[in-house]
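A.B. asks: Only the shape, not the letters, is given here:
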């Protein structure tokens, strides 16, 4: 199956509740499977009353999945495997870490507040497919072990990243326009 990156946009009021009680993030990450979310939160020590404090109505959560293109997009934005400058490094860094980064049993989601989302949107909106096409360096991506390490196959992989980058731009524009926060999860 592999690692994919999913972004979830939520109202800023939900962001406050999640920062106050990070395991509540699972209610968003599994909004389409409430039983699993409840079980995961219970395993994290969240009481039923605490879980009930975050009420998600229909339409409160929007998501986009970058599939396995996330790391290639990060490289095209930053020129690095894991670092880079803000706000372009947002797929892998920044925001509020909602868990222990040293805990390898469960990846920790990160939360970007609405102000961060707006700054990221403006940065992404200024980029074009041609700009990213110029940054595409399959040899460097292979050397840096950019996941999923398919970059030497040709133009098809660049098109794969550009497709998902377009979806990312649209998603961030919508989140910024509606002043929403973003949860980012790699799993």
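C.D. replies: Arrived safely, thanks for sending. Every value quoted in this text rests on a predicted model; they were computed, and no experiment measured them.

A.B. asks: Which parts of this structure are strands?
C.D. replies: Taking DSSP state E, the strands of the chain run over residues 5-11, 62-65, 96-97, 110-112, 180-186.

A.B. asks: Who are the packing partners of the lengthiest helix in the chain?
C.D. replies: Criterion DSSP state H: the longest helix present in the chain is helix 155-177. When contacts are defined as 3 or more C-beta pairs under 8 Å, 6 or more residues apart in numbering; DSSP states H and E, helix 155-177 packs onto strand 5-11, strand 62-65, helix 70-78, helix 114-125, helix 129-135, strand 180-186. To be clear about C-beta, it is placed using only N, CA and C from the backbone, and glycine gets the same treatment.

A.B. asks: related to what we said a few turns ago, of the strands of the chain, which is nearest residue 85?
C.D. replies: strand 110-112 (15.8 Å; C-beta to C-beta).

A.B. asks: other SSEs contacting the closest one?
C.D. replies: Against strand 110-112 (3+ C-beta pairs under 8 Å, 6+ apart) you get helix 12-20, strand 96-97, strand 180-186.

A.B. asks: for these, which one sits closest to residue 4?
C.D. replies: Closest among these, using C-beta to C-beta: strand 180-186, at 7.3 Å.

A.B. asks: between the closest one and helix 12-20, what angle do the directions make?
C.D. replies: 50 degrees (axes from the mean of the first three to the mean of the last three C-alpha atoms, to 10 degrees).

A.B. asks: relative to helix 155-177, how tilted is strand 180-186?
C.D. replies: Using the same axes, to 10 degrees: strand 180-186 against helix 155-177 is 150 degrees.

A.B. asks: Strand 180-186 pairs with which strands?
C.D. replies: Note on strand 180-186: by DSSP bridges, its sheet partners are strand 5-11 (antiparallel), strand 110-112 (antiparallel).

A.B. asks: what number of residues lie near residue 146?
C.D. replies: Neighbour count of residue 146, defined by other C-beta atoms under 10 Å: 24.
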